[in-house]
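In: below are the sequence and a predicted model for it; my questions follow.
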Amino acid sequence: MATMSSAEVKAVPILAELLAGSPKNWGKWGPDDEVGSLNYLTRDEVLRGIGAVRAGKVFTLQVPMGAPQGDPVWPGRRPAQRMNVMDHSHFKCGKGPHYPGELEYVDDMMVMYLQGSTQYDALGHVWYDDKIYNGYDASTTTGGMSKASVLPIAERGVVGRGVLIDMARYRGKDVLDRGETFDHEDLMAAAKQQGVEIKKRDILVIRTGFIGSFYKSSSGDFYKNFVEPGLTYSPQLVSWFQDMEIPNLVTDTIANEVTVDPVSGVALPLHSALMRNLGVAFTEITILEELAADCANDGQWSFLYVAAPLKVVNGSGAPVNPVVIK
């Protein structure tokens, strides 16, 4: 078998090389900012989102937690584990606590990764060159995130006009292929076909069908040769996000971008280019099948998007159940 010489092997650049000269929003909202591009969601943007409501239809985007078949999580993370700590059996065998009036109850607990369900990333979740979002030192993550954690996002909340771009439907598929990519030009082409315009400061919601496919296959098949479809890095795409002032990227994938960039070979470069550098909030692992079907049926692809992750102190992320109102 022939082997490749070292000269023939393409070197994978480090992020500092790949993103050299990439735009940053550090300091744009002051040296103490921890919510980044969510600052674009002013009161006017909230009202613009409310203006997109027409019929009062409500959709929730969180995947089930602790489901019997398991939950879709990043490979290597364990799905959420729910356990009863008190139920009818305790009272039947005389082990339950006694309350005046003979009250009985059920109680349970859950052990999970904070990013093990539909969730928001903290802006300081990833980094390179020892700096997280807004230039905070990466050492601020030690023992818990003292800067750019998920807590400021949770305390602020996320409300604005959302727009769904159904890339799977645009390409005539139930689900995009493993490793299938698209960029901002594809998003705009799909939007045009849908009859909707991606406007400045829109919350961008993208359907690939990938999380929906988790519930139609075995866990083994879903994770086999794992590589997600999704957005792929380019300087032009990053500039488009900056120019459009996109506050929040929401997808039905686990990582919001193709797992490994097919051009550079770098893993998850948009986490750094968009979240670490521009402060774009990432919402991952949403389920969009019901919403997408309704949008295709009534032709309304824009809506009010409302979300607030759990207020986890020092957290690198937190579960969320986003609500869409059409």
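Out: That came in fine, so what should we check first? Numbers count the residues shown, from 1 in each chain.

In: F303 touches G160, doesn't it?
Out: No. With contacts counted by C-beta atoms under 8 Å, F303 stays clear of G160, the gap being 10.1 Å. No exception for glycine: its C-beta is placed from N, CA and C like everyone else's.

In: find residues that contact each of these two.
Out: Shared contacts of F303 and G160, defined by C-beta atoms under 8 Å, 6 or more residues apart in numbering, are found at G49.

In: just the buried positions in stretch 307-314, please.
Out: By 16 or more other C-beta atoms under 10 Å, the buried positions in stretch 307-314 come out as A307, A308, P309, L310, V312.

In: what are the contacting residues of it?
Out: 114, 119-120, 143-146, 149-151, 153-155, 157-159, 283, 317-323.

In: those residues in strands, which ones?
Out: If you go by DSSP state E, the contacts of stretch 307-314 have Q119, Y120, V158, V159, T283, G317, A318, P319, V323 in strands.

In: spit out the contact partners of the fifth one.
Out: What that stands for is T283. So T283 contacts T118, Q119, Y120, D121, N248, L249, V250, T251, N256, A307, V320, P322 (C-beta under 8 Å, 6+ apart).

In: for P247, see how far away the last one is.
Out: Using C-beta to C-beta, to the nearest Å, we find P322 at a distance of 13 Å from P247.

In: please report the distance of the closest residue to S272 other than its chain neighbours from G265.
Out: Among residues not flanking S272 along the chain, L15 sits closest, at 5.3 Å (C-beta to C-beta, 6 or more residues apart in numbering). Separation of L15 from G265 (C-beta to C-beta): 12 Å.

In: the two: which is more packed in?
Out: Taking other C-beta atoms under 10 Å, L15 and G265 do not tie; L15 has more neighbours (22 against 13).

In: ok, the more buried one - contacts?
Out: Y128, D129, V266, P269, S272.

In: with W301 instead?
Out: V163, L164, I165, D166, A191, Q194, G195, V196, C295.

In: what does W74 give?
Out: Taking C-beta under 8 Å, 6+ apart, one finds Q115, I254, A255 in contact with W74.

In: swap in E284?
Out: Applying C-beta under 8 Å, 6+ apart, we find E284 in contact with Q115, T118, Q119, D121, T251, T253, I254, A255, N256.

In: now with 6 Å, please.
Out: I254, N256 (C-beta atoms under 6 Å, 6 or more residues apart in numbering).

In: next, the buried residues of the lowest-mean-pLDDT helix or strand in the chain.
Out: When the helices and strands of the chain are scored by mean pLDDT, DSSP states H and E, helix 219-223 comes last with a mean of 88. For helix 219-223, the neighbour count (16+ other C-beta under 10 Å) marks F222 as buried.

In: and the contacts of it?
Out: G70, P75, F214.

In: ok, the nearest residue to P152 once chain neighbours are set aside - how many residues close by?
Out: With C-beta to C-beta, 6+ apart as the criterion, P152 has its nearest non-adjacent residue at 4.1 Å, and that residue is E34. As a burial measure, E34 scores 25 neighbours (other C-beta under 10 Å).

In: what about the closest residue to L270 other than its chain neighbours, distance to D71?
Out: Nearest residue to L270, sequence neighbours excluded (C-beta to C-beta, 6+ apart): E257, at 4.2 Å. Using C-beta to C-beta, E257 is found at 20 Å from D71.

In: put the alpha carbons of stretch 140-151 into CSV.
Out: Output of stretch 140-151 as CSV, limited to C-alpha atoms (Å, rounded to 0.1, in the frame of the first residue of the first chain):
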residue,chain,number,x,y,z
THR,A,140,-11.8,32.6,34.2
THR,A,141,-13.3,29.2,33.2
THR,A,142,-11.3,27.3,35.9
GLY,A,143,-13.6,25.7,38.5
GLY,A,144,-16.6,27.4,36.9
MET,A,145,-17.1,30.3,34.5
SER,A,146,-16.7,33.6,36.3
LYS,A,147,-17.0,35.5,33.0
ALA,A,148,-19.3,35.0,29.9
SER,A,149,-21.1,32.1,31.5
VAL,A,150,-24.7,31.2,30.5
LEU,A,151,-26.1,33.1,33.5
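
In: just the buried residues of that stretch, please?
Out: For stretch 140-151, burial by neighbour count (16+ other C-beta under 10 Å) applies to T140, T141, M145, K147, A148, S149, V150, L151.

In: what does stretch 281-299 give?
Out: Buried residues in stretch 281-299, counting neighbours by 16+ other C-beta under 10 Å, are found at 281-289, 291-292, 294-295.

In: need those residues in CSV with secondary structure, can you?
Out: Output for the buried residues of stretch 281-299, formatted as CSV (DSSP: H, G, I helix; E, B strand; the rest coil):
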residue, secondary structure
A281, strand
F282, strand
T283, strand
E284, strand
I285, coil
T286, strand
I287, coil
L288, coil
E289, helix
L291, helix
A292, helix
D294, helix
C295, helix
